[in-house]
Each structure stands twice: as structure tokens, then as C-alpha cells.
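In: From the sequence below, what's the structure:
(one chain, ligands or ions: 1)
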Amino acid sequence: MDDMEEPGGAPAPLLRIDDLRVDIASRDRTVHALDGVSLELAPGEALGIVGESGCGKTMTALSVLGLLPPGGAVTGGRILFDGQDLAAASAPTLQDVRGNTVGMVFQDPLTSLNPTMTIGAQVAEPLLLHRAGIGRKEAWARAEEMLRLVGMPQPAERMKSYPHQLSGGMRQRVAIAMALVCGPKLLIADEPTTALDVTTQHQILELIDTLRETLGMAMILVTHDLGVIANRVDRVAVMYAGKVAEQSDVRGLFARPRHRYTEALFAALPERAADRGTELHTIPGLPPSLTVRPTGCRFAPRCSFATEECREREPELEQDVAEAQEPGSAPVEKALAGTAAEPVRTPRPCRRPRRATASPVSTPCRTATRPPNRS
Ligand SMILES: Nc1ncnc2c1ncn2[C@@H]1O[C@H](COP(=O)(O)OP(=O)(O)OP(=O)(O)O)[C@@H](O)[C@H]1O
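Out: Alright, predicted model coming up:
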């Protein structure tokens, strides 16, 4: 069987990250920024990566792009994208992928745009770099067309502007145009709206949604805000302390989070507090330092439902999220409005696989359902 083929001959996903480990070493310490991250993305699919600051969302995105910070290195695992392992790829291969088959949009467009180049030259640049034989005139025309597609008013005039002459929202539109001008198979958007005001945030997210559908590309949307991914992605990976705590389709996640960390993130959503007229819940404490690898569930020290079992080993979560998707139900809207995914008050940790002898009162996270022991 071909290495890139799934068992049974099914086509491989567009992106498959297997047990990815990334360390960032400085003079006096090593941060285990990613400690066994596994994710999958089908062609055209949208995956949200959520979690608090410092949990490894950006490092996951940067690993795919081969753009780790100084001292950063992949120490294990694979990043299979479109048939090649980017974790082991050469610098020229990665350069050929970036901006070509993988587009990226970052938080602050000012850092991704060159202040000394016109907008037109910057949007045309990826074409000149990645499309052999394309002339300047054609690249310029396609750049202008791309600016029109991202909703830039008067694109022909704007081609001659410099980044400082545009508003933050317009600069982000330019960054999106640059990311998409080569027609990538995957767009990685890392907190693309964090630096923008609320109205512009909404417009940019809508724009990304529309373009994703029009162009049929896959997307990884990195955000710390569960509210941002609701209704925008197909699946969600919740990251905590360099690991994926829980992965689910978006409806299942909102209707029935399995990990206590996910529940805590929901409880901390401002929309929920506002709807219920209650105070905003916050998660006590801070994520752990990633210089040591703790045993057990990494969230256990901050989880009021944690048991001894949680402290000893990672919870194995139940897989039956599909049951949450009854026809006609609107779990995403309900969760945001605070009528689903309520924090459970009984001392139940995560949703784990149910064992024949398990007591419903003493389960921490929602762990996977195991077949009853018939012996
Ligand atoms: N340049 C760096 N040097 C050393 N450690 C870093 C560097 N950048 C990130 N880290 C560490 O890597 C870990 C993962 O960081 P990462 O930026 O991926 O988190 P994040 O979830 O994207 O957070 P944020 O939402 O704040 O961007 C953190 O412990 C962080 O301190």
C-alpha cells in the first residue's frame, strides 16, 4: 500500500498531522510547545483550532508552514500535506508550498505586508514567484481581480496604494488576497480578526467564509474564541498545553463537549453570560509551563472535577458525539445562548468510555464508551 494511501484504498486526507512534537530551545530551557498533536483535514474541510493563549495553536499552524521561531524544531511526528511530509521537507520545498498550495493569514496584517511595496506589487508577488512563465502584466491583472474578489473598493486605484494608506480591515483584505491569489488547497488563518474592531471582525470572517466556499479550499482557523468558530467550521480541535484535548465535529462539540476543559471554555463565553444575565465564568489558574511534561490530564490541576485517575493518566474520551446531532436541533446556537453544554454540577470529570461497573456520578471527562464486560 502506498504510504500516502489510507487502508482500504480511500484517498488520503489533504492534511494529516501525526503525533507532532515541537520543541523550542533557548539558552536556559526547552519548551515542549507541541507534545503529540494529531489532526486531520479533508480537502475542502474547515477545521477550527481553539484554546487559551499558549496552548500551541500557533505553533501547530507554523509547523505546517515550516515557519517555527528561532530555536524551534520538529522533534517527532509527521505533517503529511498533499502527499509530502512537510515535517521532513527541505527549505525550497517549504518555500514552494507557502503562498502557493498553502495560503496563510496572520493576526496583524501590518506584520505580513511590506510597508515599502504597493498593494498591487504585493498581491502579484506570489504569482510571479510560484507561476512559472506568468508575465508582470498578467500577474498585475490577476492581483487586481483578487482585490475585487476580497471586496476592496476601487481595486484599480488601490493597487497603487501603500499599506499605511489603508484601514486595518482593508489591510487584512489585502493579506487575504495575497494568501489566495495562487489558489491554495489550504488556507491557514491564525487569529485573522483579533486586531480588528468588532464590525470589521465580522466582515472579515464572513469574507473568509464566502471565499472558502467559492474557491473550495480547506481551512484551518486558529482562534482563542469558541464563538468565532461556531457555524464557520466543520470540525474543531480543542488544544490545551501542547496537546489536543478533544476533537469533534462542531455540532457535536457544542452540543456535548466531552472534555472538562472544553466545558470550561464554553462557560467562559461572554455571549453565554450575557444571555443568562450571570457573571462571566473564568477558568481558575493558568495553563502549565511547557518546560516539563506533566503526567495525567494536563487540565487536572485547574479542573474541579478531576479525580485521582485524571492525575494519573490522560482521559480516553468517548467517541459517540454523533448522537448529539438530532435532525432539527441547533446545538451551536443553544450552546452560545447558554442552554446547552451547561457545566455539570455533579463531580463528574470528562465523558469517558463507560465501563460496566462505572458509576455515573464519578466520571470525570466524557470518555469513550467501551463495550460491557461480558465475562
Ligand atoms: N518564540 C518563542 N520562543 C519560545 N517559546 C515560544 C515561542 N513562541 C511560542 N512559544 C511557546 O510555545 C508554546 C505554544 O505557543 P503558541 O504561540 O503556539 O500558543 P497559542 O495557543 O497560539 O497562543 P496565542 O493564542 O497566545 O497565540 C507556549 O508555551 C509559548 O510560550
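
In: if I look at the residue nearest the centre of the chain, how far off is Asp85?
Out: Centroid-nearest residue in the chain: Ile49, 2.5 Å away (criterion: CA atoms, centre = their mean). Going from Ile49 to Asp85 by CB to CB, to the nearest Å gives 20 Å. Every residue, glycine included, has its C-beta placed from N, CA and C.

In: Show me what from the stretch 51-200 of the chain comes close to the ligand.
Out: For the stretch 51-200 of the chain, the contact set with the ligand under CB under 6 Å from any ligand atom comprises Gly51, Ser53, Gly54, Cys55, Gly56, Lys57, Thr58, Met59, Pro69.

In: Let's see that with 8 Å instead.
Out: 51-62, 69-72, 107, 190-191 (CB under 8 Å from any ligand atom).

In: got the residue ranges for the helices in this structure?
Out: Using DSSP state H, the helices found in the chain span residues 57-65, 91-97, 109-112, 119-130, 136-149, 155-158, 168-180, 198-215, 226-229, 250-255, 260-267, 270-276, 308-312, 331-337.

In: can you give me how far the fourth one is from the chain middle?
Out: Centre-to-centre, helix 119-130 and its host chain are 26 Å apart (CA atoms, centre = their mean, to the nearest Å).

In: How about the second one?
Out: For helix 91-97, the distance from its own C-alpha centre to the chain's C-alpha centre is 22 Å (CA atoms, centre = their mean).

In: Any chance you could list what contacts it?
Out: With CB atoms under 8 Å, 6 or more residues apart in numbering as the contact definition, helix 91-97 has outside contacts at Leu65, Gly66, Phe81, Gln84, Leu86, Ala89, His130.

In: Any chance of these in TSV with neighbour count as columns?
Out: What follows is those, written out as TSV (neighbours: other CB atoms under 10 Å):
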residue	neighbour count
Leu65	18
Gly66	19
Phe81	23
Gln84	15
Leu86	21
Ala89	16
His130	19
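
In: and which of these is nearest the ligand?
Out: Nearest to the ligand among these, counting by CB to the nearest ligand atom, is Leu65 at 12.6 Å.

In: And that closest one, how far from Met217?
Out: For Leu65 relative to Met217 (CB to CB), the value is 15 Å.

In: And the pLDDT for Arg98?
Out: On pLDDT, Arg98 comes in at 94.

In: Next: Arg251.
Out: In this model, Arg251 carries a pLDDT of 90.

In: got it, and Ala368?
Out: pLDDT, read off for Ala368, is 56.

In: what's the answer for Arg355, then?
Out: 57.

In: Equivalent analysis for the one 10 residues further on, please.
Out: Model confidence at Cys365, given as pLDDT, is 73.

In: Give the closest residue to it in space, chain neighbours not counted.
Out: Distances taken as CB to CB, 6 or more residues apart in numbering put Cys350 closest to Cys365, at 0.4 Å, once the chain neighbours are dropped.

In: neighbours of the one you found, just the number please.
Out: 30 (other CB atoms under 10 Å).

In: pretty sure it is touching Pro315, no?
Out: Yes: shown here, Cys350 and Pro315 form a contact pair, counting by CB atoms under 8 Å, at 4.5 Å.

In: Pick out the residue in the stretch 251-375 of the chain sitting closest to the ligand.
Out: For the stretch 251-375 of the chain, CB to the nearest ligand atom, closest residue to the ligand: Leu290, 4.3 Å.

In: just to revisit the earlier point, on the strand side of things, show who the residue nearest to the centre of the chain bridges to.
Out: Val222, Ala237 (DSSP bridges).

In: measure it to Val238 for me?
Out: In terms of CB to CB, Ile49 sits 8 Å off from Val238.

In: same check, this time on Glu138
Out: 44 Å.

In: Looking at those two, which is more packed in?
Out: Val238 (23 against 14).

In: Show me what from the stretch 201-350 of the chain comes close to the ligand.
Out: Val222, His224, Met239, Gly242, Pro287, Ser289, Leu290.

In: what about 5 Å?
Out: Taking CB under 5 Å from any ligand atom as the criterion, the neighbours of the ligand within the stretch 201-350 of the chain are Leu290.

In: which regions of the stretch 201-350 of the chain sit below the pLDDT cut-off?
Out: The stretch 201-350 of the chain contains residues with pLDDT under 70 at 272-278, 319-349.

In: Could you report the neighbour count for the closest residue to Gln247 other than its chain neighbours?
Out: In space, and not counting its chain neighbours, Gln247 is closest to Ala237: 4.7 Å by CB to CB, 6+ apart. By other CB under 10 Å, the residues close to Ala237 number 26.

In: ok, now Ala132?
Out: For Ala132, using other CB under 10 Å, the count is 6.

In: ok, it to the ligand distance?
Out: 35 Å (CB to the nearest ligand atom, to the nearest Å).

In: Please apply the same query to Ala177.
Out: 24 Å.

In: Touching, that residue and Val123? I think so.
Out: Yes: Ala177 is within contact range of Val123, at 4.9 Å (criterion: CB under 8 Å).
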